[in-house]
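Asks: build me a structure from this.
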Amino acid sequence: MKEIVVISGKGGTGKTSVMGSFSYLGKSDLVIADCDVDAADLHMLLGPDYQRSEDYYSGELAILDQDKCINCGACLSVCQFDGIQSENGTFRIEAMNCEGCGYCQRVCPTNAIQMETQKVGEWYTSSSKVGSTMVHAKLGVGAENSGRLVAQVKNEARRHAKKEGKEIILIDGSPGIGCAVNSALSGADYVVFVTEPSVSGIHDLKRVTELVKGFSIRSGCIINKCDLNSQMLDELITFMADAGIEHIASIPYDETFTAAMLEGKTLVEYDKGPASQVLIKSWEKIKQFAETEGCLK
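Replies: Alright, predicted model coming up:
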């Protein structure tokens, strides 16, 4: 059982469309893990049935009991995050500002403040429309600890892959280089970058490449909208060669990506045009790279 992670240095490169097509091509031979928990949207393409739902709890929030509060202001004097607000001599907790450090609770002379673990999201186990098990999640707006939720999703995906005897876990990672991406990369065997030939695309690919180097994971890259800027394309290909990133494929700008998404379909099921053919060949290449590395046995 091996893990292939699809990530991008920035949003808007077409990562979800690529991930959806790979999921469709892999069908029941794999387990899908949507670890882009901060902005999950893969479900729009794969139609999960939400068979099982679990609440996700993480982080603490200060709760103030007004009956016990003597309005002494001790909590206000120590809070560094504007989590304590005072209005007409009455104190209250501003939940959006509270960092859950618990300092206010420690200094309260009447035990009027308690710290409570918060429900910050949900995670699901589903059957997807492509025939594979899909583990996915949704983190609440502004909630913390996305890395821990990603770890929860991955562990559940691994459990299902082992139970079902699947060789591949296909993971959709978040854009960028934050905690959620680090968690998605942990234990991975192959990384697929999805990028575009633009200044921001190259800049952010360089950042995420440095991150992946720290994990010592073999990687390849799909260049989407490759005809966007020929000069940037040359620079991008040169960087990939220097960094040891395998060039999986280049996909010209194609409006069928948008048309497919509007119908809730992956590109490879929407039509069999040039972009779809590139993605089909890309999936075969990725499996070959993994087999060459001894990943899939």
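Asks: got the phi and psi for the residue nearest the centre of the chain?
Replies: In the chain, the residue lying closest to the centroid (CA atoms, centre = their mean) is Asp36, at 2.0 Å. Per-residue torsions, Asp36: phi -90, psi 70 (degrees, to the nearest 10).
Asks: wait, it touches Ile171, no?
Replies: No - here Asp36 does not reach Ile171: they are 9.4 Å apart, not a contact under CB atoms under 8 Å. To be clear about C-beta, it is placed using only N, CA and C from the backbone, and glycine gets the same treatment.
Asks: how about low-confidence regions in this protein?
Replies: Scanning the chain with the threshold set as pLDDT under 70 gives 142, 144-145, 290-297.
Asks: can you give me the helices for it?
Replies: Using DSSP state H, the helices assigned to the chain run over residues 15-26, 43-46, 74-78, 103-107, 146-164, 179-185, 199-215, 230-243, 256-262, 267-270, 274-292.
Asks: export those to a markdown table and tack on mean neighbour count and distance to Trp123?
Replies: Shown next, in a markdown table, are the helices of the chain (neighbours: other CB atoms under 10 Å; distance: least, CB to CB, whole Å):
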| stretch | mean neighbour count | distance to Trp123 |
| --- | --- | --- |
| helix 15-26 | 26 | 18 |
| helix 43-46 | 20 | 12 |
| helix 74-78 | 17 | 33 |
| helix 103-107 | 17 | 29 |
| helix 146-164 | 20 | 6 |
| helix 179-185 | 23 | 13 |
| helix 199-215 | 17 | 24 |
| helix 230-243 | 15 | 34 |
| helix 256-262 | 16 | 24 |
| helix 267-270 | 22 | 26 |
| helix 274-292 | 18 | 26 |
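Asks: save those as a markdown table, and put in distance to Glu116 too.
Replies: A markdown table is the format used below for the helices of the chain (distance: least, CB to CB, whole Å):
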| stretch | distance to Glu116 |
| --- | --- |
| helix 15-26 | 35 |
| helix 43-46 | 30 |
| helix 74-78 | 16 |
| helix 103-107 | 10 |
| helix 146-164 | 18 |
| helix 179-185 | 23 |
| helix 199-215 | 34 |
| helix 230-243 | 46 |
| helix 256-262 | 39 |
| helix 267-270 | 45 |
| helix 274-292 | 45 |
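Asks: which of these sits closest to Tyr57?
Replies: helix 146-164 (10.1 Å; CB to CB).
Asks: show me the contact partners of the closest one.
Replies: By CB atoms under 8 Å, 6 or more residues apart in numbering, the surrounding residues in contact with helix 146-164 are 1, 3, 30-35, 37-38, 56, 58, 120-121, 123, 125, 133, 135-137, 139, 166, 168-169, 171, 174, 178-180, 182-184, 186-187.
Asks: if any of the residues you listed are buried, put those into a ChimeraX selection.
Replies: To isolate the buried members of those in ChimeraX, using 16 or more other CB atoms under 10 Å:
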select :1,3,30,31,32,33,34,35,37,38,56,58,120,121,123,125,133,135,136,137,139,166,168,169,171,174,179,180,182,183,184,187
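Asks: look up how far Ile63 lies from the residue lying farthest from the centre of the chain.
Replies: Taking CA atoms, centre = their mean, the residue of the chain most remote from its mean C-alpha position is Ile70, at 44.6 Å. Using CB to CB, to the nearest Å, one obtains 17 Å as the distance from Ile70 to Ile63.
Asks: same check, this time on Val135
Replies: For Val135, the distance to Ile63 - CB to CB - is 32 Å.
Asks: check Lys166 too.
Replies: Distance of Lys166 to Ile63, computed by CB to CB: 43 Å.
Asks: again, but for Gly264
Replies: According to CB to CB, Gly264 stands 41 Å off from Ile63.
Asks: cool, Leu211 as well?
Replies: 37 Å.
Asks: now swap in Arg218 and tell me
Replies: Taking CB to CB as the measure, Arg218 falls 48 Å from Ile63.
Asks: need the contact list for Ile280.
Replies: Applying CB under 8 Å, 6+ apart, we find Ile280 in contact with Leu25, Val268.
Asks: can we start the residue count at 16 from this point?
Replies: All set: I'll call the first residue 16, so the last point we hit is now Ile295.
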